[in-house]
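A.B. asks: Below is the structure, and that's it, no one-letter string:
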C-alpha cells in the first residue's frame, strides 16, 4: 500500500472513530481523495475531446450528427447515475457507521437493480433511435448518422450503468484511486478503438519509415462502437475487482446466501429511490433543458450545432476537476454523516468547495486564453472554430461559481439530502438559462445561448453557496463532536 493511501485510510478511520481532524488534516484528506478523481475526470474529458476531434475531422455533417443526439445521452447517463447514487450513498453511510456487512448487501442488491433498469432504458433508446433526430429538428443530411450513433450507443447502456455503480461504490468506500486508474484505462482504450474503427486503413510515415495502420472505416458508427467496447471491458473489470478484493466491499461476506444475496430488498430500494429519485427527476428535466437548448441552436445550422457540441466538450476540460472534488466531497460528507458527525461534514464540504473554486478559476483563465487553439485541434473548419472560440470565452467567466455549485451539490448528495438541491438546479436551468437563451438567440446567435449559460451558472453557484452556509442540509442535532 502506498504512503498516500495509508494516510488517506488513517484519516478516514479517525473520521469514522469520531476523532478530531485538524484543518491541515481536513485539507490533506480532501486533496488526496480529490487528486485521483480529478485526474480521472480530466482523462475522461480528454477522451471525449479526442473522440470529438476524430469525428470533427470526418466533416461538419458527421460532427453535427453526433452533436444533435449528444444531449439525449446526457439524459440517459443522468438517469443511470441517479440510480447508482441511490445505492452508493447508502454504502457510504453504512461504512461510516462501521456496518461493512450492510454495505456489502447494498452493493449486491444495487448491481441487480441497476442491470435491470439500464437494460430497459437501453431498449427504449433503441426503439426511439429512428425518430429522435426528427424530434430534435435535425435536417435530412445529419439524421442517418445521428440515428446510427444513438442506436449503437443505446445498446451499451447496461455497461455504462455498471461502470457508474462500481466506480461510485469504490469511491464511497474511500478508494478513489482504483476507479480513477480504471477511468484512465477506459480513456486509452476508447481512443485506440475509436481510431481503429472510425478511420479506414492507411499508411503513415514516421521517421522516414512507412507504417500500415489498419482501420475499419466505420465513421460515426465506429465512434459509438469504440466507446461502447471500452465500457464493456472496464465495467466488467471494475466489478470483478469489487467482487474478490479485500476491504469494506466484496460480494461474499459473513451472511452470504448465494444468489439470494443479489435479490433486492424493499427497504434498500425504497432508500435508494428516496435518494435517487430527486436526482433522476433533476437530471431528466436538466437534460430536457439541454435538449431544448440543442433545439434552439439547431435552426442556426450545422456549423452552430457542431460548434455548440465541441464547445461543451472543450469547456468540460475546466469543470471536470470540479467533479473530481465533488466525488471526494460525497465520500467525506457521506462517511461523516454515517458516523453522525455533522460539524465535520460541514467543515469538509467548505474545504472542498474552496478548493474547487480556486482550481476552476485558474482553468477558466486557461480556457479564455487557449479557446481558439482548443477549437482548432477539434476541427479544421474555420466557421466552427470562430463560433466555438467566442462561446468558450464567454463561458470562461462563470467557471469559479460553476465549481461552487458542482461541489456543493456533491456534498449535499453525500448527506442524503437531494430534493431541495435538485429543485435549485431545475429552477436555475429552466428559469434563468432557457429564458435568457430564448431572449438572446435571435439577436446574438450562438453567443446569446452561451451568454445565457454563463449567467445561469454564476446564479446557480450563488444560491448553492447560500445553502451551504446556512447548514440546512444537515441534521439538527449532533451526536458526536
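C.D. replies: Perfect, I can see it now. These numbers come from a predicted model, not from an experiment. Numbering: from 1, shown residues only.
A.B. asks: Show me where the stretch 351-481 of the chain has its strands.
C.D. replies: Under the criterion DSSP state E, counting those that start in this stretch, the stretch 351-481 of the chain contains no strands.
A.B. asks: can you list the weak-confidence ranges in it?
C.D. replies: The model of the stretch 351-481 of the chain has pLDDT under 70 over residues 476-481.
A.B. asks: at 80 what do you get?
C.D. replies: Across the stretch 351-481 of the chain, residues meeting the criterion (pLDDT under 80) sit at 378-379, 475-481.
A.B. asks: Helices of the stretch 301-450 of the chain, start to end?
C.D. replies: 302-338, 342-369, 371-378, 382-395, 399-414, 419-428, 435-444, 446-470 (DSSP state H, counting those that start in this stretch).
A.B. asks: quick one: which of these is nearest residue 213?
C.D. replies: In terms of Cβ to Cβ, the element of the helices of the stretch 301-450 of the chain nearest to residue 213 is helix 371-378, at 20.1 Å. (Each C-beta comes from the backbone N, C-alpha and C, glycine too.)
A.B. asks: Show residues contacting that closest one.
C.D. replies: 49, 52-53, 56, 307, 310-311, 313-314, 317, 367, 384-385, 388-389, 392-393, 396 (Cβ atoms under 8 Å, 6 or more residues apart in numbering).
A.B. asks: Can you give the distance of it from its chain's centre?
C.D. replies: For helix 371-378, the separation from the chain centroid amounts to 23 Å (computed by Cα atoms, centre = their mean, to the nearest Å).
A.B. asks: what does stretch 306-316 give?
C.D. replies: That offset, for stretch 306-316, works out to 15 Å (Cα atoms, centre = their mean).
A.B. asks: Contacts for it, please.
C.D. replies: So stretch 306-316 is in contact with 45, 48-49, 52, 56, 60, 63-64, 66-67, 70, 293-294, 297, 367, 371, 374-375, 378-379, 381, 383-384, 387-388, 391-392, 395, 446, 449-450, going by Cβ under 8 Å, 6+ apart.
A.B. asks: Kindly supply the PyMOL command isolating those of the residues you listed that are buried.
C.D. replies: Burial among the contacts of stretch 306-316 is assessed by 16 or more other Cβ atoms under 10 Å; the matching PyMOL selection reads:
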select buried, resi 45+48+49+52+56+60+63+64+66+67+70+293+294+297+367+371+374+375+378+379+381+384+387+388+391+392+395+446+449+450
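A.B. asks: Any regions of the stretch 201-350 of the chain where pLDDT drops low?
C.D. replies: When residues are selected by pLDDT under 80, those of the stretch 201-350 of the chain lie in 204-208, 245-261, 279, 282-288, 290-291, 294, 313-314, 316-320, 339.
A.B. asks: ok, back up a step: residue 201: which of the helices of the stretch 301-450 of the chain is closest?
C.D. replies: Closest among these, using Cβ to Cβ: helix 371-378, at 24.0 Å.
A.B. asks: The closest one vs helix 342-369, what angle?
C.D. replies: Counting by axes from the mean of the first three to the mean of the last three Cα atoms, to 10 degrees, helix 371-378 lies at 80 degrees to helix 342-369.
A.B. asks: Give the buried residues for stretch 439-450.
C.D. replies: So, applying 16+ other Cβ under 10 Å, buried residues of stretch 439-450: 440, 441, 444, 445, 446, 447, 448, 449, 450.
A.B. asks: so how far is residue 359 from the residue positioned nearest the centre of the chain?
C.D. replies: Per Cα atoms, centre = their mean, the C-alpha nearest to the average position across the chain is that of residue 323, at 7.1 Å. From residue 323 across to residue 359, the span is 11 Å (Cβ to Cβ, to the nearest Å).
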